[in-house]
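Engineer: The amino acid sequence is not available; the structure is as follows:
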């Protein structure tokens, strides 16, 4: 929570220092156009910080009135700056819990419907997958195996949050270094094969938000191409002398 408070307070401080044009005073060499442009840019950046921290619903009128009062030195504000972090944390915890319930129900409904689609299989863990292009008999079998893949990751609403295809390069990683849904799902694909994985949020990033494009409690869909499997080789123990 310290990092979130630092971000929010830092942005507010920047607003106060850079964009206080309400007093009618401008620093020498600073134009009103510059102040207005900076104010707009800071507003956009601050909104991104809020969304990245899991805060998506705010009362804009309250934010503006509190900022104006604080910048004017109003000592009658209900919340003092030193206590602001506590209220932000309380709100974020409540928001995360509420969002978790909403997305859990959305995920439940989606998986119940999706498993009836042609070719879709479901594992005991709740992972759903579909083999789109069969691969060879060579599959990852150990969490220590390394794989080379191409993939596209998206949310259930279709929004793409990550894609190696867009970057124009494949990715290599050991199976023990990724989310549980990948570790399990890639073991179901043969080398050279392609599959679609639908990963429950408890096998992905759970209640953690991974930036504005990947909110907390996100159910993930991955279109994966398993290019190569590199089997883990147990190091040989040195012969005792």
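Structural biologist: Noted; the coordinates are in hand. Predicted model, so just to flag it, every value in this text is computed and none were measured. Residues are numbered from 1 along each chain as shown.
Engineer: how far away is the residue positioned nearest the centre of the chain from residue 217?
Structural biologist: For the chain, the residue nearest the mean C-alpha position is residue 210 (2.3 Å; CA atoms, centre = their mean). Distance, residue 210 to residue 217, using CB to CB, to the nearest Å: 11 Å. Every C-beta, even on glycine, is put in place using the N, C-alpha and C of the backbone.
Engineer: Let me see the mean pLDDT of the top helix by length along the chain.
Structural biologist: In the chain, taking DSSP state H as the definition, the longest helix is helix 81-114. The pLDDT scores in helix 81-114 average 82.
Engineer: Buried residues in it, which are they?
Structural biologist: Under the neighbour-count criterion of 16 or more other CB atoms under 10 Å, helix 81-114 has 84-85, 88, 92, 95-96, 99, 103, 107, 110-111 buried.
Engineer: Which residue ranges of the protein form strands?
Structural biologist: All strands of the chain, identified by DSSP state E, fall at 121-122, 128-133, 146-155, 160-163, 171-174, 194-199, 220-230.
Engineer: Just put those in JSON lines and tack on mean neighbour count.
Structural biologist: Shown next, in JSON lines, are those (neighbours: other CB atoms under 10 Å):
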{"stretch": "strand 121-122", "mean neighbour count": "12"}
{"stretch": "strand 128-133", "mean neighbour count": "17"}
{"stretch": "strand 146-155", "mean neighbour count": "18"}
{"stretch": "strand 160-163", "mean neighbour count": "15"}
{"stretch": "strand 171-174", "mean neighbour count": "14"}
{"stretch": "strand 194-199", "mean neighbour count": "22"}
{"stretch": "strand 220-230", "mean neighbour count": "20"}
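Engineer: between the ones you listed, which gets nearest to residue 42?
Structural biologist: Residue 42 lies closest, by CB to CB, to one member of these: strand 160-163, at 25.2 Å.
Engineer: hmm, who's touching stretch 116-127?
Structural biologist: 111, 114-115, 128-132, 180-181, 184-185, 188, 197-200, 202-203 (CB atoms under 8 Å, 6 or more residues apart in numbering).
Engineer: Kindly recompute the last result at 7 Å.
Structural biologist: 114-115, 128-130, 181, 184-185, 197, 199-200, 203 (CB atoms under 7 Å, 6 or more residues apart in numbering).
Engineer: Now do the end-to-end distance for that stretch.
Structural biologist: 14 Å (CA to CA, to the nearest Å).
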